[in-house]
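[1] A structural model of the following input is requested.
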Amino acid sequence: MSQRELGQEPAPVSIISFLYYCSLWIYTMNRCSLSGRSAWVFMQALAALALAGSPPASAQTAAPQRIPPMAANAQRGVLAVTAPPEVLLDGQPARLAPGARIRDRNNLLVVSGALLGQQLVVRYTRDPLGLLREIWVLTPAEAAVGMPPPPVITSH
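    Here you go, the predicted structure:
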């Protein structure tokens, strides 16, 4: 017997709430549906995890370090790419080594052709033949900081 035959009026159900809770487009795994109470607990736990997992604002202002870091023996100079692999380093002609790695301000590898006509403050290393092997384009903050003092070599 239905509810109407028993003299009971069925609870009013809007079409929107029916589609919301029974939609297979929204709930594709409907066998794992959450009841009202468990959904509320789940949402509270999710919000607590989201708030607990975010670092404080003061920790987000620290300058990121380069990975991989710049070589300790890297020299500093001003680089201008004229016609790759030919460059000017501190106004003197120089040449890029085959397979030279140039890292931009975001620590991403760039090709030398992308730097044509730009004057860039860089740190660089040379290979045994004197060709430029690794180049790091410095950020304005890194360029403002001077070169670290050279290591003191003591002879015994």
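
[2] every contact and neighbour count from this point should use C-alpha atoms.
    Noted.

[3] low pLDDT regions in this protein?
    For the chain, the stretches with pLDDT under 70 are 1-42, 53-64, 147-156.

[4] all helices of it, in order?
    Per DSSP state H, the chain carries helices over the ranges 15-22, 36-53, 140-144.

[5] enumerate every residue touching Pro85.
    With contact taken as CA atoms under 8 Å, 6 or more residues apart in numbering, Pro85 is in contact with Arg95, Leu96, Ala97, Ser112.

[6] bridged to the nearest residue to the first one once chain neighbours are set aside, which residues?
    This points to Arg95. Leaving out its chain neighbours, the residue that sits closest to Arg95 by CA to CA, 6 or more residues apart in numbering is Glu86, at 4.7 Å. Beta bridges link Glu86 to Ala83, Arg95 when assigned by DSSP bridges.

[7] these two touch, right, Glu86 and Leu96?
    Yes - the pair Glu86 and Leu96 passes the contact test of CA atoms under 8 Å, sitting 6.5 Å apart.
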